[in-house]
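>>> the sequence and its predicted three-dimensional model are supplied below.
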Amino acid sequence: MQAPAHTRALIEIDKLNLYYGTFHALKNVSMEIPEKAITAFIGPSGCGKSTLLRTLNRMNDMIAGTRIEGKIAIGGADIYSKEVDVETLRKKVGMVFQQPNPFPKSIYDNVAYGPRLHGISGRKQLDEIVETSLRSAALWEEVKDYLKRSALSLSGGQQQRLCIARALAVEPDVLLMDEATSALDPISTLKIEELAQELKDRYTIVMVTHNMHQAARVSNQTVFFLNGEVVEYAETEKLFSTPRDQRTEDYISGRFG
Amino acid sequence: MNAKTADKVATVVICLFAGIIVLVLLGLLGFILFRGLSHISWDFLTSAPETIKAGGGIGPQLFNSLFLLVLTMLITIPLGLGAGIYMSQYAKPGKVTNSIRLVVEVLSSFPSIVVGLFGLLVFVNIMGIGFSLFSGALALTVFNLPLMVRITEQAMAGVPREQKEASLALGLSRWKTITSVMLPIAMPAIITGTILAAGRVFGEAAALLFTAGMSSPRLDFTDWNPLSPFSPLNPFRPAETLAVHIWKINSEGLAPDAGEIAAGASAVLVLTVLLFNFGARWFGRFMHRKFTATR
């Protein structure tokens, strides 16, 4: 297990406050997320973990009435500064959602969608991107003969891996997973967890999960949230074996949440 | 009465109502086709009408109806799509959006005769376009636009948020997301709406009496220069459509076979609408399959 101290921080969050209208959803959140590792956000519903995840690729921008104070820097650059192009940011920070959401297009077109609209048109180049991305998402062997088939014909777990392939196809540095397995069966969940383990050598992964055991199994660091605040941030092993805060202990031992 | 019997009674009553509607529809359709079909011939479909002699056709009127449909749709579709996309994706909810929506609703409830008189005043006289296909198309746009806007807005709003977010999260702009993910998903609903709007163009008479006019110049079907006054393609010539022709011939037709001509023309009108509907539905499915790779 890697300790956060050994790796460089890729994402730096500094005194972040977020309001939905008058609701104070994130309170003074500061943390450093190391690169090429898996960081898990855990906590009960409504604790702000998904909200924080969605600030990292600015998906909260779409929600009217959202106000942000503080600073988030990825690779040293402030992502909320005026010069930042949201589209470029989102290309670098990919996202996988709770519900598998492939487009109602063919498997091939789902993966090729991003690169194509970002300007890659060579057939050969696209073929290559599609194959590499599907291989990275551990889906290639299952679908290589059916690339023209509708993505909706796949099972839920396959659809979610397709969504991962689709996100990888635009070559992000960071992959955000917003409860990416909560709609899947245990076997599919296990596959996605194994996949995340493989991907962390190349990508910085931040995952939100409802499932404490998942965080314990998969992640290198774990952040425990409660009511919009960070209660505890530690190496996963430490957080689960010797939590410093009483509330963390209560949560991981299943006393609430 | 227990729940089971109530359920059975409800089922029977609902089926009965559905049956009545189908019967009325089939009855109407059957009546129109029964009276008109025998009168339809190639000659009837292609020749010009006669004023006092028997044996006139509906060629120019049929052509006018189709051409007016194309013209109206050329104006309605871009405007309606644009406004609908704006309303659903760009406009911030608030007073402005609500007032636009109100205007659109009010527009759609105008009686067609009023729209016709408005067209006569504004398009025909003030703008000086005269009785013409173009004036008619503008008047029909007044009707169709609200429908088109609302249908586009609803179809776009009906696209699952997850699909939109997936595309945005890949770093695609709002515009690219709309054109390459949302519009294809919304397409079948938009096409259905377009069919509804188109159906009104075929059937509308009152609004056209004062805008497209009640007469056609002697069309020369060998002259395809859109600027020539006798060319069928000239959008600035007066044009009597099939629906207007049916009304005119029924109320003031002098030809001895006016009744048969009206019946034949009605059958042609109904068949055209049906053909158009099936065609558009097939096209909608075809486009949907093409965009979504479903079989």
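Okay, I see it. Numbers count the residues shown, from 1 in each chain, chains lettered A, B, ... in the order given.
>>> can you name the residue of the stretch 151-257 of chain A nearest to chain B?
Proximity of the stretch 151-257 of chain A to chain B (CB to the nearest CB) peaks at A:Val170, 5.6 Å away. Quick note: C-beta positions are derived from backbone N, CA and C, even for glycine.
>>> which residues are in contact with that residue?
A:Lys91, A:Gly94, A:Gly114, A:Pro115, A:His118, B:Leu170, B:Gly171 (CB atoms under 8 Å, 6 or more residues apart in numbering or on different chains).
>>> got it, and A:Asn57?
Going by CB under 8 Å, 6+ apart, A:Asn57 touches A:Leu89, A:Arg90, A:Val93, A:Gly94, A:Met95, A:Val174, A:Leu176, B:Ala169.
>>> roughly how far apart are it and A:Val93?
Distance, A:Asn57 to A:Val93, using CB to CB, to the nearest Å: 4 Å.
>>> now the common contact residues for those two.
A:Val174, A:Leu176.
>>> mind checking which of the contacts of A:Asn57 are in helices?
Judged by DSSP state H, helices contain the following of the contacts of A:Asn57: A:Leu89, A:Arg90, B:Ala169.
>>> quick one: which of those has the most company?
Among those, the one with the most neighbours (other CB atoms under 10 Å in any protein chain shown) is B:Ala169, at 29 neighbours.
>>> leaving out the residues flanking it, which one is nearest to the residue of the stretch 151-257 of chain A closest to chain B?
Distance criterion CB to CB, 6 or more residues apart in numbering or on different chains; nearest residue to A:Val170, sequence neighbours excluded, is A:Gly114 at 4.0 Å.
>>> still on that earlier bit, would TSV of the contacts of A:Asn57 with distance to B:Thr141 and pLDDT be doable?
Converted to TSV, these look like this (distance: CB to CB, whole Å; pLDDT from 0 to 100):
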residue	distance to B:Thr141	pLDDT
A:Leu89	42	92
A:Arg90	39	93
A:Val93	45	94
A:Gly94	44	93
A:Met95	42	94
A:Val174	49	94
A:Leu176	46	95
B:Ala169	38	92
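>>> which ones are touching the most centrally placed residue in chain A?
With distances taken as CA atoms, centre = their mean, A:Leu176 lies nearest the centre of chain A, 1.5 Å away. Taking CB under 8 Å, 6+ apart, we find A:Leu176 in contact with A:Leu53, A:Arg54, A:Leu56, A:Asn57, A:Val93, A:Gly94, A:Met95, A:Val96, A:Ile205, A:Val206, A:Met207.
>>> any idea how far the fifth one lies from A:Thr132?
Here the distance between A:Val93 and A:Thr132 works out to 20 Å (CB to CB).
>>> need the pLDDT of the closest residue to chain A within the stretch 51-200 of chain B.
At 3.4 Å from chain A, B:Gly171 is the closest residue in the stretch 51-200 of chain B, using CB to the nearest CB. Listed pLDDT for B:Gly171 reads 90.
>>> one more: A:Thr7?
69.
>>> B:Ile195 too?
At B:Ile195, the pLDDT value in this model is 82.
>>> next secondary structure after the particular helix or strand that has it in it?
Assigning secondary structure by DSSP states H and E places B:Ile195 in helix B:183-203. Using DSSP H and E, the helix or strand that follows helix B:183-203 in sequence is helix B:206-209.
>>> output that next one as PDB, nothing but the C-alphas.
Taking C-alpha atoms only, helix B:206-209 is exported to PDB below (Å, rounded to 0.1, in the frame of the first residue of the first chain):
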ATOM      1  CA  ALA B 206     -60.000  29.100 -43.400                       C
ATOM      2  CA  ALA B 207     -56.600  30.700 -42.900                       C
ATOM      3  CA  LEU B 208     -55.700  30.100 -46.500                       C
ATOM      4  CA  LEU B 209     -58.800  31.700 -48.100                       C
END
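>>> tell me which residues of the following helix or strand past that helix are tucked away?
Remark: after helix B:206-209, the chain's next helix or strand is helix B:242-252, criterion DSSP H and E. Using 16 or more other CB atoms under 10 Å in any protein chain shown as the test for burial, helix B:242-252 gives B:Leu242, B:Ala243, B:Val244, B:His245, B:Ile246, B:Trp247, B:Lys248, B:Ile249.
>>> please apply the same query to stretch A:211-231.
Applying 16+ other CB under 10 Å to stretch A:211-231 flags A:211-212, A:214-226, A:228, A:230-231 as buried.
>>> gap between the two ends of it?
By CA to CA, to the nearest Å, the extent of stretch A:211-231 from end to end equals 17 Å.
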